[in-house]
Structure formats: C-alpha cells, structure tokens
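>>> sequence and predicted structure, then a few things I'm wondering about:
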Amino acid sequence: MCADLLSVLLTSHGTVFAALAQAWLALGASSVSVWNRQHMLARWPNHASGAGDLRAPIRVGGQILGELRIGGVAERADTSSRLAADVAVIERLAQLDNEMEQLTAELVQSQDQLLALVAINLSTRNHLQLDETLHTLARETTRLIRCEAVYISMAGAPGGTLHLPDSAEGSKFEPPAELMQRLQGSSYNLLLNDADDPALLAAGIRNLCAVPINLGNTLTAGGLALINKAGAGFGAADRKLARVIAEQAGAMIERSLFFQEHVGQLRMHTEMDLARQVQLRLLPRNPPLVPGLELAARSRPALQVGGDFYDFVAPPGRPFIFTVGDIAGKGMAAALLMTMTRTALRSKANFLALPSPEAIMSRCHEDLYDDFTEVNVFATVFIGQYSAQDGLLHYANAAHTPVIYRPANGLACLLEPDAPAMGVLPMSLCELQQVPLGPGDLLIVASDGFSEARDQHGALFGIERLLYLADRVAHLSAQSIAEAFFDAVDSFGDGHAQDDDQTLVVVKGDVRVGV
Amino acid sequence: MHITHRTEGDVQILTLHGRFDAYEAPQLLGWFNRMLPEGEPRMVVNLGEVPFIDTSGLAALVSGMKQCRQRRGDLRLCCFQQPVRIILELTRMNRAFELFEAEVEAINTPWGQHEHHVR
C-alpha cells in the first residue's frame, strides 16, 4: 500500500473529511488536520494554527498511514470516542479504496488477457499447418507476455519451436537436456525465477515459466515455456495468462491436427483415384480382332485400385496371346505389382523369339521372383495362346482359378492349374497344356472374385454355379456371356459389397467360321 | 486366430487356431520376423484348427517357407480341414510345400534340403 494513500483519499473523499472537520469545529474545536508523518496534508479551517491536542493514528492493513489531529479540544472520554469513530470511518474509506484499486487492476488484467487471446486467435486463424500455428503462437505469446523467448514443445512436432523476438518465423530449438528433464519431470508445471542450474544459466535462461498444453482437456501433448522476463521475473498474473494461452493453444493444435489428417486423407484418395485411372487405362479397352475368335473382357476392382489384370498381345505376324492375373492382396501394393507383372508378361509376349505360354511364364517368373519375395506377395497368372491353323488354345496356368472350358457340344468343366502361383517357388513349374478352341468352344478365364463372391448371408457363389451359368449362356456372344457373369454375381450379392476384384476374359471360337 | 508354439527336438511346431485370413496374416508374419530360430529352421505349421484360409494366409505361409529355405531349413504343413485342403490343392500349393496328414509324420520325416532351392 502506498504511503500517500491519505493524499489520494483527501482528493477523492474531500467532502467526507470536510464534513467530519465541520462537526468538530461546531463542537468548539479550533482546528482539524490530517498528517502524513511530519507533513500536514490538510487543515480546517485553512487559517488555523496549532498542532492539535487530540491525536489518533490512521491505520490500514496494520500500517500507519498518518494521523488525525484535533486542536482546542481537551481529551475526555466523549472526545476520544468521537475521534476513534471518525478515524474508523477514514480507515474504512481507505480500505474500500484499496479494494477498488485491486479490482480495477484485476479488471484491466482480464481485459488484457481477453485482448491477448483475441490477438492470438486472429493471428493463428489463417494457419492450419501445425508448424505455422506453433510459430505464430510462440511469436504472439512472446509479444504479449513481454519475455525474451517462448519455447513450445509438442508431440508430433519434433524439436519444438522457439520463438525469439528478432526471428520472424521462429526456429527449431533443442533445449538443454537439463531443461527438458525439469520440464518433463514437472509435466510442464514449472516456475523458476532464479535459475539455479548452471546448465540453464549457460544456455542464457535466467527465469522461466512453463505450463502444460492439453489436448481434449486431459491429454498432455506438450508445453509452453516462457523464458526470461525482465525485472523480478514471472508473477502469478503471467502464469495465469500463460495457462489461458496454453488452453487456447490446445484447441488450435487440435484443429490443426484434425486439418492435417483431413488433408492427408484427401491426398491419399486423390492419389488412389489417379492410380485407378492409370490402371484402367493400362487394361485394353477393346479386345483385338483375331480371326477365328470372339473376345470380351472386363475388370472391376473392389477397392479404388485392384490387383487383377488382363491383357491382349496381338502384334502383326506373331501369335495372339492373352494374359489374366491376380496379385494376392489388395490396395496400393497389389496395384503396383499388378502393373509390373502385366508389363513383364507383355514384354515377353512381344519379344521372346518363341513366345509359348510356358516360356513366357518361366521368364517372367525369373524376372519377378525376387521382387515378389521382397514384398511377400505372389500372383496367379493364366497365359493363353491361340493358333488359328490347328484351332488349339495353348496355355500355361500358375494357380489361376477359376478357368472354365466348355466344348461346343459338351458340358462346362474346370481347367485346373498345374503349378503354384508366380513368386511362390524360385522357378516356374508350369507345363504347356492345350484345349481345342473350334467354333462354339468356350473358354472363360475368371478371377476368384467370381467364385468367392458372397451373398447377404455370407454364402459363396462357388464353382458349381459358375459352371452351370457357363452351360446356360454358352450360346450367347462373348460380350453377352461376360455381361451375364457380372449380372449373375451382382444379383447373387444383392447389395453385398464386392469383396475382391472381379476380372473376366471370355474367348469363344467364332461360330461364323464354321458356317 | 491365435498361435501356439512348442518345440520338439530341433523342430518348431506352430499350431494355428481359427480363421486364417487377411486380418490374421500379419500375426504369423510377425512371428516369422521375430521368432524364427537361428541356423537351419525346421518348422511345422499345424492347420488342424483352421477352418478357412485365404490368399493372404497362403502368402504368410509362403513367406515363412521362403525364409526357412533361404536358411537351408524348411516349413512343412500338416493336418487339414476339408476347405483348407481344397484351397491348397486348387492353388497347387501341394507342389510348393511338403504336406503331411499327421503332425508326428511332419516332425519325424527326415529333413533334407528341399528340392526347390530358394535364392
């Protein structure tokens, strides 16, 4: 409490003092005066003289502020008690003034805090990246708390952010190990006004105030450390403001993390979408015209990108070859290996001197085995080659199912593979096989997305249904057969989500050839 | 699915319990990465308690088999429920793995180097 509080009181409550004085004068007193130690602050009437016969100290909060003196009145019981009552009134006034001053100071401080928060909010509103948010927060906090530096440590923002007033963008800061220990040990509840640690002093830290930053009200995700405040260091008000800023910071950081996650997901979706478009473009849109054959093909991935593929290779003067494959697994990894496998098969089919199916299979197998082993996948592959001269389809099949063959005048049956999938063993075990493919003969190379399609109750479509379907639609064109297969699994699933890629190549001996 | 492990002599026996699909495959891959013994690993995987296996499950078994053979050991499969046997035959995994009806047979049949060397 300041010593000249009496002067302030005399100014603010002059009429009260004057009224007290007039009452004494009316009772016959010659003078009433107020003293601060040896100095007289006020006297009624102005021209009066004399020091006063009655004296009483004015105390507030145990401290003597000054005296009230009454001249020309003898000390009696009634004058003494009246003087005591008057002093009590003055003391009460001083106390009220004092409380008012404190309340005003607190109000001003609250307003400052509100303004500080608004400023921080405004300046971070435009930053949604975590790094930018932390830099802005550190910069604004340095400005508002009027300290030399602010250090923010956040899980997910390694190294923390230090803001120094002369660096515009903040900088990465590795605090001394001793400081980190003390910050973490105290869960970022630390107030050091006389840094005693030589390591901290060596790092230029004289005083420090740290508060935790919580996410979702409970999880401590990091902390805010204010470093080096001039003068007596950090007070209770600074600490309170720091807590409010830290609360605000928690909310901003949450928002920023949420935004980043959202952007990350969006980016991933965009990339997956791009991958899907690339994949779809790699698959032939229309089958080639091959004398003696009717062809149809379609692939439908279960996810945005798939592991199934098919391809047609029909270079002029070379045999017609088609491939169908399924990479074990789903998503991006399967999609990447799918494009790799398709390309390897295509290149062998195009450029091998004698591109028989089992030779293509064997060479691709050698090329891809190490990569497949590296990423723990394998691929089922069917390679077919049609020879118009003898009306035969030669093929090699590495674990690809289901492959359905239906002779023009017979029943559909399954052509079982003779070797494990590409990538399982270091060498291909496929042997060359053949079936007649004359007019009306039908070969359907599907992927297991057909046989393993499920209905609402989880039952499998199964091989038997596929064979029955093949018999029923065998008379249709290749294109209509393909459509019938997709329609059949769709109506079987009846809204059940497609679990796996579905790919189909239909090869039918052209009935017009035989006419 | 859960995995139980025991040792008989120098043979490690893993018994898988439950469906073995894409969700469960990482568990077995993790076991191979962490627990595959030093030297020439001799593994038997007992599938007797597995009612269903998909391509991801097969891929995990293939990965384990390759790791064993790379170190001049092997991974054998034994005890099959009908759906698992069908998948193994349909995908011709019976040409890649040594399959045994009984666990004791898988453990005690002499362990030579597999005919399919692995790079």
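Received it, and whenever you're ready, just let me know what you need. Numbering: from 1, shown residues only, chains lettered A, B, ... in the order given.
>>> pLDDT weak spots in chain B?
By pLDDT under 70, the weakly predicted segments of chain B are B:113-119.
>>> longest helix in it, by residue count?
Counting residues, the longest helix found in chain B (DSSP state H) is helix B:55-70.
>>> listing partners with orientation, what would you give for whatever helix or strand comes next after that helix?
As assigned by DSSP states H and E, the chain's next helix or strand after helix B:55-70 is strand B:74-78. Sheet pairing here is set by DSSP bridges, and for strand B:74-78 it gives strand B:42-49 (parallel), strand B:98-100 (parallel).
>>> in the shortest one, which residues are buried?
Burial within strand B:98-100, assessed by neighbour count using 16 or more other Cβ atoms under 10 Å in any protein chain shown, is assigned to B:98-100. Placement of C-beta: from N, CA and C, glycine included.
>>> with stretch A:4-23 instead?
In stretch A:4-23, counting by 16+ other Cβ under 10 Å, buried: A:5-7, A:9-10, A:13, A:17, A:20-21.
>>> so which of these are in strands?
Among the buried residues of stretch A:4-23, the subset assigned to strands under DSSP state E is empty.
>>> list the contacts for whichever residue of the stretch 401-515 of chain A sits closest to chain B?
The stretch 401-515 of chain A approaches chain B most closely through A:Pro420 (4.3 Å), counting by Cβ to the nearest Cβ. When contacts are counted by Cβ atoms under 8 Å, 6 or more residues apart in numbering or on different chains, A:Pro420 touches A:378, A:398-399, A:429, B:91-93, B:95-96.
>>> output those as CSV; include the columns secondary structure.
Shown next, in CSV, are the contacts of A:Pro420 (DSSP: H, G, I helix; E, B strand; the rest coil):
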residue, secondary structure
A:Phe378, coil
A:Ala398, strand
A:Ala399, coil
A:Leu429, coil
B:Thr91, coil
B:Arg92, coil
B:Met93, helix
B:Arg95, helix
B:Ala96, coil
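>>> now the longest helix of chain B and strand B:42-49, what's the angle there?
Between helix B:55-70 and strand B:42-49, the angle comes out at 160 degrees (axes from the mean of the first three to the mean of the last three Cα atoms, to 10 degrees).
>>> which strands and helices lie in contact with helix B:55-70?
When contacts are defined as 3 or more Cβ pairs under 8 Å, 6 or more residues apart in numbering or on different chains; DSSP states H and E, helix B:55-70 sits against helix B:25-35, strand B:42-49, strand B:74-78.
>>> just the ones you listed: most buried one?
strand B:74-78 (a mean of 23; mean count of other Cβ atoms under 10 Å in any protein chain shown).
>>> and after it, which helix or strand comes next?
Next in sequence after strand B:74-78, counting helices and strands by DSSP H and E, comes helix B:82-90.
>>> show residues contacting that following helix.
With contacts defined as Cβ under 8 Å, 6+ apart, helix B:82-90 is touched by A:399, A:401, A:416-417, B:47, B:50-54, B:58, B:77, B:80, B:93-94, B:97, B:99.
>>> try 10 Å this time
With contact meaning Cβ atoms under 10 Å, 6 or more residues apart in numbering or on different chains, helix B:82-90 is reached by A:399, A:401-402, A:414, A:416-417, A:420, A:448, A:451, A:463, B:20, B:47-48, B:50-55, B:57-58, B:61, B:77, B:79-80, B:93-97, B:99, B:101.
>>> quick revisit: so what's the gap between the longest helix of chain B and the chain middle?
Centre-to-centre, helix B:55-70 and its host chain are 7 Å apart (Cα atoms, centre = their mean, to the nearest Å).
>>> same check on stretch A:497-510?
40 Å.
>>> cool, stretch A:480-498 as well?
39 Å.
>>> same question, stretch A:373-393
Stretch A:373-393 has its C-alpha centroid displaced from the chain centroid by 45 Å (Cα atoms, centre = their mean).
>>> does it reach chain B?
Yes: contact of stretch A:373-393 with chain B (Cβ under 10 Å from any Cβ of the partner chain) involves A:373, A:375-378, A:380.
>>> ok, now which ones touch the nearest residue to A:Val507 once chain neighbours are set aside?
Spatial nearest neighbour of A:Val507, excluding adjacent residues (Cβ to Cβ, 6 or more residues apart in numbering or on different chains): A:Leu443 at 4.5 Å. Neighbouring residues of A:Leu443 by Cβ under 10 Å, 6+ apart: A:293, A:322, A:382, A:384, A:386, A:393, A:395, A:403-406, A:415, A:435, A:437, A:470, A:478, A:505-509.
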